[in-house]
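In: Here is my input; please provide its structure:
(one chain, ligands or ions: 2)
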Amino acid sequence: MALIVQKYGGTSVGDPERIKNVAHRVARFQSMGHQVVVVVSAMSGETNRLIALAKSVQAHPDPRELDVMVSTGEQVTIALLAMTLKEIGVKAKSYTGAQVRIVTDNAHTKARILSIDEANIRADLNEGHVVVVAGFQGVDENGNITTLGRGGSDTTGVALAAALKADECQIYTDVDGVYTTDPRIVPEARRLATITFEEMLELASLGSKVLQIRSVEFAGKYKVKLRVLSSFEEGGDGTLITFEDDDNMEKAIISGIAFNRDEAKITVLGVPDKPGIAYQILGPVAEANIDVDMIIQNVGADGSTDFTFTVHRNEYAKAIEILRKVQTHIGAREVSGDDKIAKVSVVGVGMRSHVGIASAMFRTLAEEGINIQMISTSEIKISVVIDEKYLELAVRVLHKAFNLEQSGSPVLV
Ligand code: ASP
Ligand code: MG
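Out: Ligands and ions are numbered 1, 2, ... in the order given. Got it, this is the predicted structure:
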């Protein structure tokens, strides 16, 4: 007998028919002798609908009230699923985040989980119930409803699995696993049977939307066995997120290619090349709560230099405005930018032990005449910023160059 946490995303519970499918799968797992905790998202489109509704009365909705509102999406699904389970003869009980007591900090709309009281869930499981928990929500210490950020039900699932010391956390979604890249762009993209936790963390932070990044961080911290599976196809093994780099296995050096169209680039030209300049530029940006991704400072010449960084495209206008305000104070000649850029990254733990990956990547892009505007690297990732219009081409040629369509064969560069 195992204790399994299953999380179902919005499309998997998008209508009563799909909820029935979920209920039957849950029932099957229970009949095999497993204890099952189910975490669900709001029905597909519901969170967006609620946010739009809030914005129709307040342009920038009050975060506390917004949380009260969007958390209702998941509350509907837990009740529907519990009812559906009962209807097919399965003992089931639903819980909101507050009812479990999933305690978070008070950062409304992006709260972090601090603790989970798992006692009631465990008691229900021991009495033969399936426990259905609302994803994405919790309460702060004063009882205010909080939410965990978009995609936050993944994090609820993994956090519950950690708290309950579950044998496996299964994330059911509309794809059947983690792919070498987005199959909508590269039809030859291949499902990975396994991926390491570190690679998954990079892919999630690079814009792969399969798992919320916080859920991956949580899984890493608490060593939760995590698997991504399709809720529409039966019998697949999905993708298992592993911890150990399997030394005995010949692994591909590159596991996947991630990309992101959500970024914009800002350049501050002709700033004095002196101590404190990076702080003077990025300080006001950070104060406005704008996340900065890549940063490049050119080598100074004649006492001045250029400074370039990327931000989320939604925050581009705001960041430009902030910098234009401080431009004279900093002594910058010009502030310019481009919001038609894209970031493409190759990811793989095999990079640690192989040289030449970066040059293979740059050569491949050069052969297609794609200009690289910025480069950044980590131990297991190389990212480049390019013109958005070459994004799909870049992903396709890199996928081919690194031989990612060939299952499991190590890459030769
Ligand atoms: N319903 C929430 C959202 O759309 C949480 C989730 O689906 O994970 O972001
Ligand atoms: Mg999701």
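
In: so the residue of the stretch 301-413 of the chain found nearest ligand 1, which of the three states?
Out: Among the residues of the stretch 301-413 of the chain, Asn314 lies nearest to ligand 1; the distance is 15.8 Å by C-beta to the nearest ligand atom. C-beta here means a position set from N, CA and C on the backbone, and glycine is covered the same way. Under DSSP: H, G, I helix; E, B strand; the rest coil, the three-state class of Asn314 is helix.

In: ok, now Thr72?
Out: helix.

In: Equivalent analysis for Leu203, please.
Out: Three-state call for Leu203 (three-state DSSP): helix.

In: Can we start the residue count at 450 from this point?
Out: Renumbered: residue one is now 450, and that last one reads Leu652.

In: got the contact list for it?
Out: Going by C-beta atoms under 8 Å, 6 or more residues apart in numbering, Leu652 touches 627, 644, 659, 705, 707, 796.

In: which residues touch stretch 613-621?
Out: Here stretch 613-621 makes contact (C-beta under 8 Å, 6+ apart) with 451-458, 461, 471, 474, 486, 567, 570-571, 603, 606-607, 609-610, 660, 664, 668, 673-680, 687.

In: and Val793, how many neighbours?
Out: Each residue near Val793 was counted by other C-beta atoms under 10 Å, and the total is 25.

In: thought Val796 was touching Ser704?
Out: Yes. In this structure, Val796 is within contact of Ser704 by C-beta atoms under 8 Å, at 5.8 Å.

In: Need the overlap of contacts for these two.
Out: Glu648.

In: which two from the contacts of Leu652 end up farthest apart in space?
Out: Within those, two members stand farthest from each other by C-beta to C-beta: Val659 and Val796, at 13.1 Å.

In: and the two? which has more neighbours close in?
Out: Between Val659 and Val796, counted using other C-beta under 10 Å, Val796 has the larger neighbour count: 28 against 21.

In: Tell me the backbone dihedrals of the more buried one, please.
Out: Main-chain dihedrals, Val796, degrees, to the nearest 10: phi -130, psi 140.

In: That one bridge partners, please.
Out: Applying DSSP bridges to Val796 gives these bridge partners: Gly705, Lys830.

In: Leaving out the residues flanking it, which one is nearest to the closest residue to ligand 1 within the stretch 500-649 of the chain?
Out: Relative to ligand 1, the nearest point of the stretch 500-649 of the chain is Ser602 (3.2 Å; C-beta to the nearest ligand atom). Of all residues not flanking Ser602 in the chain, Gly584 sits nearest, at 2.5 Å (C-beta to C-beta, 6 or more residues apart in numbering).

In: Would you confirm that the one you found contacts Gly606?
Out: Yes. Gly584 lies in contact with Gly606 (C-beta under 8 Å); the separation is 6.6 Å.

In: Now for the two: what residues contact both?
Out: By C-beta under 8 Å, 6+ apart, Gly584 and Gly606 have these common neighbours: 456, 488.

In: Among the contacts of Leu652, which one sits closest to ligand 2?
Out: If you rank the contacts of Leu652 by distance to ligand 2 using C-beta to the ion, Val659 comes first, at 7.7 Å.

In: Got phi/psi on Gly805?
Out: Reported as degrees, to the nearest 10, the phi and psi values for Gly805 are phi 90, psi 0.

In: oh, I was asking about Thr596
Out: Here is the backbone geometry of Thr596 (degrees, to the nearest 10): phi -130, psi 160.

In: Report the secondary structure element holding the nearest residue to it once chain neighbours are set aside.
Out: Once flanking residues are discounted, Thr596 sits nearest to Asp516: 4.8 Å by C-beta to C-beta, 6+ apart. Taking DSSP states H and E as the criterion, Asp516 maps to helix 512-536.

In: what's the pLDDT at Ala653?
Out: With respect to pLDDT, Ala653 has a value of 84.

In: So it versus Val462, what's the distance?
Out: The gap separating Ala653 from Val462 is 22 Å, by C-beta to C-beta, to the nearest Å.

In: can you check Leu814 too?
Out: Leu814 sits 41 Å away from Val462 when distances are taken as C-beta to C-beta.

In: Give me the more crowded residue out of the two.
Out: Using other C-beta under 10 Å as the criterion, Leu814 and Val462 rank with Val462 on top: 29 against 21.

In: Glu637 reaches Phe851, doesn't it?
Out: No. Between Glu637 and Phe851 no contact is recorded; they are 12.0 Å apart, counting by C-beta under 8 Å.

In: okay, those two: which has more neighbours?
Out: Taking neighbours as other C-beta under 10 Å, Glu637 and Phe851 compare with Phe851 leading, 25 against 13.

In: hang on, the earlier thing: I'd say the residue nearest to Thr596 and Thr558 touch.
Out: Yes. Asp516 is within contact range of Thr558, at 6.2 Å (criterion: C-beta under 8 Å).

In: Between the two, which contacts overlap?
Out: 595-596.

In: Can you pick out the residue with more neighbours from the two?
Out: Neighbours per residue (other C-beta under 10 Å) separate Asp516 from Thr558, with Asp516 holding more: 24 against 17.

In: ok, the more buried one - contacts?
Out: Neighbour list for Asp516: 557-558, 586, 593-596 [criterion: C-beta under 8 Å, 6+ apart].

In: which residue sits closest to the spatially most central residue of the chain, ignoring its sequence neighbours?
Out: Residue closest to the mean C-alpha point of the chain, counted by C-alpha atoms, centre = their mean, is Gln661 at 3.1 Å. Using C-beta to C-beta, 6+ apart and skipping residues adjacent in sequence, the residue nearest Gln661 is Gly600, 3.7 Å away.

In: Is that neighbour in a helix, a strand, or coil?
Out: coil.

In: Give the burial count for it, as a bare number.
Out: Residues near Gly600, counting by other C-beta under 10 Å, number 21.

In: Do you know the pLDDT at it?
Out: Listed pLDDT for Gly600 reads 94.

In: Ok, Met450 next?
Out: For Met450, the model assigns a pLDDT of 87.

In: In this structure it contacts His483, no?
Out: Yes. Contact criterion C-beta under 8 Å: Met450 and His483 qualify, at 6.1 Å.

In: And these two? Which one has more around it.
Out: Neighbours were counted for Met450 and for His483 using other C-beta under 10 Å; His483 has more, 18 against 8.
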